[in-house]
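Enquirer: my questions concern the predicted model and sequence given below.
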Amino acid sequence: MPTNRKAKAAENEVAGSFDGAHRHVIYERLMNAISEHRLQPGTKLAEDRLAAIFSVSRTTVRSVLQQLAHELVVTIVPNRGAFVASPTVEEARELFEARRQIELPIIEKVCRCATKKDIARLRAHVAQEDEARKRDDRRTTVRLSGEFHVMLAQVSGNRFIERTMRGLQMLTCLTILLYNAPTAQACLHDEHARLIDAVEAGNIKLAQKIMDEHLEHIEATLRLHDPEEENDDLEAILVHGL
């Protein structure tokens, strides 16, 4: 009997590891699709469809969707299912406020603790961004630009901040897709490189200034109008314009 229990425990451990690997793959695939704007805000993520795509159980899919919901990247509506989040105008403004409160302290810590290896990794990542821009590969550029901010959180050495930053970055991708002009750039081509220069020099004030301006630029490209303003414009066009 003890042998059977040990065998069963070993079997459960293997099954758990296997299921965990599947959850990781599904999570990463969904996150990448969102960051590259291949999954649109409001897209329904049907459990049975995802289970068939990844050849896993609905239970496995459900656990991934619940994790994404916890990170606010997915919205779960009772009796309707899971949907890719669609941030409201108010949520978009709160998002950038949150990013400023989190990323400026991150930059301070990165300036203090970044190693030569960290700087090299950041520069290599920016080089990939530049190559994607040269190829006019917008999806890859958007994804890499977002990942740069997550990498900074990684360099800071705090796993909880890194996880929070990744969720905020995913929400930023969705916000840009909802409220940005199709041809607008989320990140200017030299902003990340200038930020690395300031970090390498250990210039905290300059690095924080560049980051603050960087976030302001991204937010400025968004058309964050209140619904009431849009309704007034519509009324002016359809009624008063006659």
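Expert: On my side now, so go ahead. Residues are numbered from 1 along each chain as shown.
Enquirer: residues contacting Ala193?
Expert: Residues near Ala193 by CB atoms under 8 Å, 6 or more residues apart in numbering: Arg123, Val126. All C-beta atoms are positioned from the backbone trio N, CA, C, and that covers glycine.
Enquirer: switch the cut-off to 6 Å
Expert: By CB atoms under 6 Å, 6 or more residues apart in numbering, the contact list for Ala193 reads Val126.
Enquirer: tell me where this structure has strands.
Expert: Taking DSSP state E, the strands of the chain run over residues 74-77, 81-84.
Enquirer: between the ones you listed, which gets nearest to Arg133?
Expert: In terms of CB to CB, the element of the strands of the chain nearest to Arg133 is strand 81-84, at 25.7 Å.
Enquirer: return the alpha-carbon coordinates of the closest one using PDB.
Expert: Taking C-alpha atoms only, strand 81-84 is exported to PDB below (Å, rounded to 0.1, in the frame of the first residue of the first chain):
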ATOM      1  CA  GLY A  81     -17.800  34.200 -20.200                       C
ATOM      2  CA  ALA A  82     -14.400  35.800 -20.400                       C
ATOM      3  CA  PHE A  83     -13.500  38.700 -22.700                       C
ATOM      4  CA  VAL A  84     -10.300  40.700 -23.400                       C
END
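Enquirer: gap between Ala82 and Phe54?
Expert: Look at Ala82 and Phe54: by CB to CB, to the nearest Å, they are 15 Å apart.
Enquirer: cool, and Gly202?
Expert: Taking CB to CB, one finds Gly202 at 45 Å from Phe54.
Enquirer: from Leu95, how far off is the most centrally placed residue in the chain?
Expert: Nearest to the mean C-alpha position of the chain, by CA atoms, centre = their mean, lies Met170 at 2.0 Å. Going from Met170 to Leu95 by CB to CB gives 10 Å.
Enquirer: before we move on, what about His24?
Expert: His24 sits 26 Å away from Leu95, going by CB to CB.
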